[in-house]
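[1] Here is the input, now give the coordinates:
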Amino acid sequence: MDFLGVPRTSAPALPLDTYTFFVHVLPAFLAFYVVAVLVILPGTRTLRIALLPLIVFLAFHAAIFVDFSCGNPQRAYLNAGFGFVMFCVLMRTLEWTFLKDPLRRRAGPVPLIGVFIDALDLVFNVRGVGWNWSKGLRFPPDTRPTSRVWFAVYVLLSAVFHSFICGILHTAMQALAPQAFTAVGEATIFDNTLPPLMRYTRSSIISTFTLLAIYAVIQMNYDIGTFIGVTIFQQDPAQWPPVFNEPWKSTSLHDFWTYRWHQLMRRSFITLGGWPLEFLFGRVGYVLGSYLASGILHSVLMAALSWNIEWWCMPLSFGMMAVAVIIEHAFMQMTGRRVGGWIGRVWTAVWLLMWGNMMVDRFARAGLLEASRVFGNAAQAKEIVEHWVTVMDGRLRAYAS
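    Alright, predicted model coming up:
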């Protein structure tokens, strides 16, 4: 990346302050909003195409050269989060740029003020709830209270609960694998002093904790967004359908990735990866392209922490998820039965852990686990968690010897 003038450091050059926010960050969001307004209006495709290079530059510049951590390694996760947001801005901008028909969420003519309100909703409504482009997307069943007041109380308590769970899991990971919380490039979830079987057993436990922590973080943030939307902006709770559908009950990789795991970026992955490769290779290309797009997004997430990463890792890992989904489809075509039952649960868990070990280890090498120490503060039961994790680790090591 030297030819682009991009620094190979984990901290960009400009610390976040009032000046850098208004000069380097805000323009990217304003340009994104302008495109959201234009994609609602008919006859604006040429203008959207003309604005695309500017938005790409603004988003890339903000993601690379603004340091949200202000030089504090404990806050490096802020850079990763902002890099993720800017990449999502680029993906959605690319999708909107080339659309021929306007996006709609209401029938009939839309007044000018309605266009600006709809554009604001479009910016934050990544699943397209209520929009014409989200037809066919399945949302998980909603078992939350129907009363607005109790709904708000429920999501607030859910945010607190998942914050606590995230802290518990973070403490458990840190106790089980302190080597995963060391300097960037040196961290790993593998203990090379152990025999291979026990080494990968421990790393699989760490990977499981990490997956559950990611689930808890996403659910916590979604609950916070839901609470703000329903209480402050007086949105209908139906505009915030559940984001997960009990992913631990998955009976196949297809079930896990297309229904039970969150679908927040599904549209972008399909648009930028699935549809182009479908044009070339049919359904196989559609599946492979969608998962490769996801892998690229996760590589960008790591690059926001450190440029010294293995760029092939995430596309390979998510590409293998696509291979598994294709295998499941071939199995259904040959046998007439879907992958499922307890065999499907075992198959799903084994495949997720096999490639999940690689993903989590690369996240650790990039410094994501070290940067996530802030979540450890939520664990009020730290001593209890550390005790039982240490006991479990001691028994695993005793068994290995």
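[2] Roughly how far does Asn79 sit from Ile343?
    Counting by C-beta to C-beta, to the nearest Å, the gap from Asn79 to Ile343 is 42 Å. The way it works is simple: take the backbone N, C-alpha and C, and place the C-beta from them, glycine included.
[3] More neighbours: which of these two?
    Asn79 (26 against 11; other C-beta atoms under 10 Å).
[4] I'd like the next helix or strand past the one helix or strand that one maps to.
    Using DSSP states H and E, Asn79 sits within helix 76-97. Next helix or strand after helix 76-97 toward the C-terminus (DSSP H and E): helix 112-124.
[5] Give me the mean pLDDT for that next one.
    For helix 112-124, the mean pLDDT works out to 92.
[6] as a whole number, average confidence for stretch 19-36?
    96.
[7] Go through it and flag the buried ones.
    For stretch 19-36, burial by neighbour count (16 or more other C-beta atoms under 10 Å) applies to 20, 24-25, 27-29, 31-32, 34-36.
[8] Now for Gly295: which residues touch it?
    314-319 (C-beta atoms under 8 Å, 6 or more residues apart in numbering).
[9] quick one: the residue nearest to Phe29 when sequence neighbours are not counted and Gly273, what's the gap?
    For Phe29, the nearest residue in space outside its immediate sequence neighbours is Val89; the separation is 7.7 Å by C-beta to C-beta, 6 or more residues apart in numbering. Applying C-beta to C-beta, the value for Val89 to Gly273 is 17 Å.
[10] try Asn245
    In terms of C-beta to C-beta, Asn245 sits 23 Å off from Gly273.
[11] where does the stretch 301-401 of the chain have low pLDDT?
    Counting by pLDDT under 70, the stretch 301-401 of the chain has low-confidence residues at 307, 370-381, 401.
[12] Which parts of it are strands?
    Taking DSSP state E, counting those that start in this stretch to define them, one finds no strands in the stretch 301-401 of the chain.
[13] if you go through it in chain order, where are the helices?
    Here the stretch 301-401 of the chain has its helices, by DSSP state H, counting those that start in this stretch, at 313-335, 341-366, 368-371, 382-400.
[14] Check what pLDDT the closest residue to Glu95 other than its chain neighbours gets.
    Closest residue to Glu95 apart from its sequence neighbours, by C-beta to C-beta, 6+ apart: Thr271 at 4.4 Å. Looking at Thr271, its pLDDT stands at 89.
[15] how close does Ser147 get to Phe227?
    15 Å.
[16] repeat for Cys88
    For Cys88, the distance to Phe227 - C-beta to C-beta - is 22 Å.
[17] Same check on Gly43?
    Counting by C-beta to C-beta, the gap from Gly43 to Phe227 is 39 Å.
[18] ditto for Asn357
    35 Å.
[19] what comes up buried for the helix or strand containing Val155?
    Assigned by DSSP H and E, Val155 falls within helix 148-176. Across helix 148-176, burial judged by 16+ other C-beta under 10 Å covers 151-152, 154-156, 158-159, 162-176.
[20] got it, and stretch 186-202?
    Counting neighbours by 16+ other C-beta under 10 Å, stretch 186-202 gives 187-191, 194, 198-200, 202 as buried.
[21] Among the residues you listed, give me the pair with the biggest separation.
    Based on C-beta to C-beta, the longest span within those runs between Ala187 and Met198 and measures 19.7 Å.
[22] circling back to that earlier point, go through the helices of the stretch 301-401 of the chain and pick out the most buried.
    Most buried of the helices of the stretch 301-401 of the chain, by mean neighbour count (mean count of other C-beta atoms under 10 Å): helix 368-371, with a mean of 24.
[23] List the contacts of stretch 13-32.
    7, 51, 54-55, 58-59, 61-62, 65-68, 70-71, 86, 89, 92-93, 123.
[24] Sort out for me which of these are in helices.
    Among these, the ones falling in helices (DSSP state H) are 51, 54-55, 58-59, 61-62, 65, 86, 89, 92-93, 123.
[25] Which members of those are the farthest-apart pair?
    Largest separation among those by C-beta to C-beta: Phe65 and Val123, giving 22.9 Å.
[26] what residue ranges in the stretch 51-200 of the chain are flagged as low confidence?
    182-185.
[27] so how many other residues sit close to Gly43?
    There are 8 residues near Gly43, going by other C-beta under 10 Å.
[28] Please tell me how far it sits from Pro102.
    9 Å.
[29] and if you look at Asn72?
    44 Å.
[30] the more surrounded of the two?
    Taking other C-beta under 10 Å, Asn72 and Pro102 do not tie; Pro102 has more neighbours (16 against 13).
[31] What residue, apart from its backbone neighbours, is nearest the more buried one spatially?
    That would be Pro42: by C-beta to C-beta, 6+ apart, it lies 5.1 Å from Pro102.
[32] Assumed that neighbour was part of a helix.
    No - counting by DSSP: H, G, I helix; E, B strand; the rest coil, Pro42 is not found in a helix; it is coil.
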